[in-house]
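Student: build me a structure from this.
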Amino acid sequence: MANVQALFEQFHNNIRTYYEINETLREKKDIIVRRVKAHLARKGRPTCQEYLQGSYKMKVGICALDGAEFDIDVGLRFSFDEAKYTATEVRNWVFEAVDGHTEDVDAKGPCIRVTYKDGFHVDLVSYAWWDDALGIERHRLAHRDDGWRPADPPKLVQWVKDARAPFVDTKDTATQTDQFRRVVRYLKRWNDLAIRGESPDKPSGLALVLLAKQHLSAPALTWAGAADDRLAVERVARAAADTVGRISAYKPTPEYEDMFGRLDNAAMTKLKDRFGKLRDAVVDAGNATDPHVACKRLRDVFGDDFPCPDAKKQESETAMRTAAPAVVPSSSSAA
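Tutor: Okay, the predicted model is just below:
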């Protein structure tokens, strides 16, 4: 069996991005937040506190494919309870502040989106934020259609951090990223290749995070105890493809919705079929004895950013081939 772990880790390094290394997003985000705060001050309105959220806060962001947009989610927390102002009022404050900043500012359902011609956008999500009579921190998201909706962004971030805890010893050398986050990034790139751009048929990044947690309760390891990312992807893909009925994954914070619920039945059938093809590809790669053959198979599902060394140099560049197949140690449970 070909050892493709080094190739998976190189693939991860090729596709990853996160807030600290994306200078462009940081600059644009800071400009927008300053603009919002200055506008609120001029109008004599309550100010807001910035709260970074989404894939950049969870550190599972990936580079956008050519021709696709990448984004950053920014929470704007207003220190008052939901009875003080309506969700529409608060959203209008934010929209007024950024209207005209670029040629494309749109009031989306859960956010105000500022789109740049450079191929990315910033989503501004407004919250009412206060401590209730029991001293419990509360959040309400200002939605365009539904008014104030229950939410808890800090709890969601903590949930993801807790999900990663069993993987603390699986960090790679190049990026010091644990296997859980690496696998989420692989799934996100696979998802983007299957459906480019936004679509109601496309699972969100959070849906894939929840699915990874559902089917990766412990690290996937080789017989020698080393991280095996190929096996980890196989576990998730196999479990999803073999799901009886619909795939579901419920958000662990209000409103506790099924993050796959927006997919209609036809889209769900196609998704399960795609997971089946992903499973077959990583199984084929696991069965291959030639690393070059394995990586070509993996490119079928992960695209050209998955590294594939020259066949003539494969012995020296991908190096080791394992003498036994990867298995799950007795301390780990298969999904």
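Student: all contacts plus neighbour counts: C-alpha atoms, from now on.
Tutor: Will do.
Student: return the host helix or strand of Arg235 as PDB; C-alpha atoms alone will do.
Tutor: Arg235 belongs to helix 229-241 when assigned by DSSP states H and E. As requested, C-alpha coordinates have been extracted for helix 229-241 and formatted as PDB (Å, rounded to 0.1, in the frame of the first residue of the first chain):
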ATOM      1  CA  ASP A 229      -5.800  11.300   6.700                       C
ATOM      2  CA  ARG A 230      -6.900   9.100   3.800                       C
ATOM      3  CA  LEU A 231      -8.500   6.700   6.300                       C
ATOM      4  CA  ALA A 232     -10.200   9.700   8.100                       C
ATOM      5  CA  VAL A 233     -11.700  10.900   4.800                       C
ATOM      6  CA  GLU A 234     -12.800   7.400   4.000                       C
ATOM      7  CA  ARG A 235     -14.700   7.100   7.300                       C
ATOM      8  CA  VAL A 236     -16.600  10.300   6.800                       C
ATOM      9  CA  ALA A 237     -17.400   9.500   3.100                       C
ATOM     10  CA  ARG A 238     -18.500   5.900   3.800                       C
ATOM     11  CA  ALA A 239     -20.700   6.900   6.700                       C
ATOM     12  CA  ALA A 240     -22.400   9.700   4.700                       C
ATOM     13  CA  ALA A 241     -22.800   7.500   1.500                       C
END
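Student: just checking, Asp300 touches Val282?
Tutor: No. Counting by CA atoms under 8 Å, Asp300 stays clear of Val282, with 9.9 Å between them.
Student: comparing these two, which residue is more hemmed in?
Tutor: Per other CA atoms under 10 Å, whichever of Asp300 and Val282 has more neighbours is Val282, with 25 against 15.
Student: for the host helix or strand of the more buried one, buried residues please.
Tutor: Taking DSSP H and E as the criterion, Val282 maps to helix 265-287. Under the neighbour-count criterion of 16 or more other CA atoms under 10 Å, helix 265-287 has 268, 271-272, 274-286 buried.
Student: repeat for stretch 133-145
Tutor: Arg138, His139, Arg140, Leu141, Ala142, His143, Arg144.
Student: run the chain-centre distance for that stretch.
Tutor: Stretch 133-145 sits 24 Å away from the centroid of its parent chain (CA atoms, centre = their mean, to the nearest Å).
Student: what is the mean pLDDT for that stretch?
Tutor: Averaging pLDDT along stretch 133-145 gives 97.
Student: repeat for stretch 12-29
Tutor: For stretch 12-29, the per-residue pLDDT averages 82.
Student: when you give positions from now on, start the count at 43
Tutor: Fine by me, first position is 43 from now on; the one you just mentioned is stretch 54-71.
Student: can you give me the strands in the protein?
Tutor: Taking DSSP state E, the strands of the chain run over residues 90-95, 112-120, 146-149, 154-158, 162-173, 179-185, 189-193.
Student: tell me which of those strands approaches Leu235 most closely.
Tutor: Smallest distance to Leu235 across the strands of the chain (CA to CA): 13.8 Å, for strand 112-120.
Student: just the helices in the stretch 243-377 of the chain please.
Tutor: 247-257, 271-283, 307-329, 333-344, 356-359 (DSSP state H, counting those that start in this stretch).
Student: could I get these as CSV with mean pLDDT and distance to Thr66?
Tutor: As requested, these are exported to CSV (pLDDT from 0 to 100; distance: least, CA to CA, whole Å):
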stretch, mean pLDDT, distance to Thr66
helix 247-257, 97, 21
helix 271-283, 98, 30
helix 307-329, 98, 33
helix 333-344, 96, 26
helix 356-359, 48, 34
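Student: let's have the ones you listed in TSV, adding distance to Trp265.
Tutor: Putting the helices of the stretch 243-377 of the chain into TSV (distance: least, CA to CA, whole Å) gives the following:
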stretch	distance to Trp265
helix 247-257	20
helix 271-283	12
helix 307-329	14
helix 333-344	19
helix 356-359	22
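Student: what about the ones you listed, which gets the closest to His143?
Tutor: Closest of these to His143 is helix 247-257, at 27.3 Å (criterion: CA to CA).
Student: cool, thanks, signing off.
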